[in-house]
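Undergrad: everything below, folded, please.
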Amino acid sequence: MSAKEILEKYEEAIKSAPRVTPLSFIGWANHIPKEAGIYVIWKAETPFYVGETSSLRLRMSDLARPINHSFTKKIARLHKISETAYADLAREISTHYRLSHIKVELGRAEIEEYLILRWRNSLINKPTKRLLHSTQYQWVEHA
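TA: A predicted model of the protein is given here:
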């Protein structure tokens, strides 16, 4: 299987993974696996943020704290919510966003980079200049 086929397989897996409502209740992240993986935060049916982590559960525990998670920091700025207004941020996120995740042991950074390039028109985490000018993913088309 080629690298392109592997990355496309992971894209399909994350798109079809069940979606949960982040920050919808205390302890919501306890239902997320502890293993390493890739996660996508969706706004309606549109990918809005892509991330990778060595522990999905620990990373999702950071979602409520803007100091620890860039998605939450960007949502606070986008909606003009104070970064210390945790209840308001949680309400905004749980009302308008959904989360899907898949376990991935190796190659998380490559999958994240591929998805960021593939979905770059709808994401708030944009590809870096290095990634945009790299020859590694020249074949990636916008979704």
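Undergrad: number of nearby residues for Y10?
TA: Residues near Y10, counting by other CB atoms under 10 Å, number 19. Glycine gets a C-beta too; all of them are placed from N, C-alpha and C.
Undergrad: quick one: it from I93, how far?
TA: Applying CB to CB, to the nearest Å, the value for Y10 to I93 is 24 Å.
Undergrad: next one: E83
TA: From E83 to I93 the distance is 13 Å (CB to CB).
Undergrad: more crowded one of those two?
TA: Legend: neighbour count by other CB under 10 Å for E83 and I93, higher for I93 (24 against 14).
Undergrad: surely the more buried one is within a helix?
TA: Yes - with DSSP: H, G, I helix; E, B strand; the rest coil as the criterion, I93 is assigned to a helix.
Undergrad: in contact with it, which residues?
TA: Taking CB atoms under 8 Å, 6 or more residues apart in numbering, we find I93 in contact with P22, L23, L63, T72, I75.
Undergrad: out of the residues you listed, which comes closest to D88?
TA: Ranked by distance to D88 (CB to CB), the contacts of I93 are led by I75 at 10.1 Å.
Undergrad: check that closest one and give its pLDDT.
TA: Reading off the confidence values, I75 has pLDDT 92.
Undergrad: equivalent analysis for I81, please.
TA: I81 is given a pLDDT of 92.
Undergrad: could you do P127 as well?
TA: 69.
Undergrad: and for the one 4 residues further on?
TA: In this prediction, L131 carries a pLDDT score of 70.
Undergrad: distance-wise, check it relative to R118.
TA: The value you get for L131 to R118, if CB to CB is used, is 12 Å.
Undergrad: who's more crowded, these two?
TA: Here L131 and R118 are set side by side on neighbour count (other CB under 10 Å), and the busier one is R118, at 20 against 16.
Undergrad: which strand or helix spans I38?
TA: Counting by DSSP states H and E, the element that carries I38 is strand 37-43.
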